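Colleague: What shape does this take:
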Amino acid sequence: MWIKHIPLAEARGRLKKLYDRIATPDGYIDNIMKVHSLRANTLEGHMAIYKHVLHHSNNTHPKWLLEATGSYVSYLNGCQYCYQHHSTGMTRLLGDDAKAANIKQAIEQDALETAFDVKELAIMTYAKALTLEPANMQEEHVQALRDVGLDDAEILELNQVISYFAYANRTVLGLGVTTDGEILGLSPNENDDPDNWQHS
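Modeller: Numbers count the residues shown, from 1 in each chain. Coordinates of the predicted model:
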């Protein structure tokens with residue numbers, strides 16, 4: 001990464017408490033979290049929105065689909081860090097390596113219709129529009145989601161996942177975060193416990 005970071009062994013005070021909540025039992029912490037170490041408040045904010053937007057039991061979309069959406073947004077933004085992490089997470093959640101490979105190929109070849117059904121394709125179309133041309137969004141984009149059966153709460157859920165990834169991608173790309181030394185595809189445990197941030 002392009003800025004200094006504080007390793008777990010040197011963390012003190014609030015940062016140490018946050019690191020202890022995030023770290024795996026062997027002390028592993030994702031680089032996207034370590035990059036916040038000079039401002040513990042932004043680390044706490046990032047983890048809170050990540051967990052509540054992407055990993056909460058109130059979500060009604062399948063988690064693999066939310067991960068696929070985030071993977072697509074990350075690919076469109078040119079964020080290989082998030083794309084690798086979340087496409088790996090999607091693969092793990094699907095439990096179907098062939099389907100996951102097909103989704104990744106469809107994303108990388110801009111051939112989404114080969115991997116997604118009508119509802120899923122509408123979701124990806126909305127994600128692409130919001131990611132690449134946010135100032136051109138119209139109510140018709142939301143209506144297209146309603147037309148394939150999504151209710152407004154489900155639309156909000158998707159909007160927040162897409163928006164979170166825009167934030168995460170720019171954090172990574174703007175600060176030179178890489179996957180060096182990373183374990184790909186981990187996700188938080190205990191979706192409804194705001195104090196449990198540990199990944200597995």
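
Colleague: So which bits of the host helix or strand of Lys128 are buried?
Modeller: Lys128 is part of helix 118-132, with elements assigned from DSSP states H and E. Neighbour-count burial for helix 118-132, counted by 16 or more other Cβ atoms under 10 Å, picks out 120, 122-131. Any C-beta I mention is one placed from the backbone N, CA and C, and that applies to glycine too.

Colleague: what does that helix rub up against?
Modeller: Contact partners of helix 118-132, identified using Cβ atoms under 8 Å, 6 or more residues apart in numbering, comprise 65, 68-69, 72-73, 76-77, 112-113, 116, 136-137, 141-142, 144-145, 147-150, 158-159, 162-163, 166.

Colleague: Buried residues, the following helix or strand past that helix. List them.
Modeller: Under the assignment DSSP H and E, the closest C-terminal helix or strand after helix 118-132 is helix 139-147. For helix 139-147, burial by neighbour count (16+ other Cβ under 10 Å) applies to 141-142, 144-145.

Colleague: can you put these in JSON lines and add pLDDT and distance to Ile29?
Modeller: Putting the buried residues of helix 139-147 into JSON lines (pLDDT from 0 to 100; distance: Cβ to Cβ, whole Å) gives the following:
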{"residue": "His141", "pLDDT": "98", "distance to Ile29": "37"}
{"residue": "Val142", "pLDDT": "98", "distance to Ile29": "37"}
{"residue": "Ala144", "pLDDT": "98", "distance to Ile29": "39"}
{"residue": "Leu145", "pLDDT": "98", "distance to Ile29": "36"}
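
Colleague: about what we covered before: got the CA positions of the helix holding Lys128 in CSV?
Modeller: Extracted in CSV, the C-alpha atoms of helix 118-132 (Å, rounded to 0.1, in the frame of the first residue of the first chain):
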residue,chain,number,x,y,z
VAL,A,118,-33.8,-12.5,-16.2
LYS,A,119,-34.0,-11.1,-12.7
GLU,A,120,-30.3,-11.4,-12.1
LEU,A,121,-29.6,-9.8,-15.4
ALA,A,122,-31.8,-6.8,-14.5
ILE,A,123,-29.8,-6.5,-11.2
MET,A,124,-26.5,-6.5,-13.1
THR,A,125,-27.8,-3.9,-15.6
TYR,A,126,-28.8,-1.6,-12.8
ALA,A,127,-25.3,-2.2,-11.2
LYS,A,128,-23.6,-1.3,-14.4
ALA,A,129,-25.6,1.9,-14.9
LEU,A,130,-25.1,3.1,-11.4
THR,A,131,-21.4,2.3,-11.4
LEU,A,132,-20.5,3.8,-14.8
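
Colleague: relative to helix 139-147, how tilted is that helix?
Modeller: 160 degrees (axes from the mean of the first three to the mean of the last three Cα atoms, to 10 degrees).
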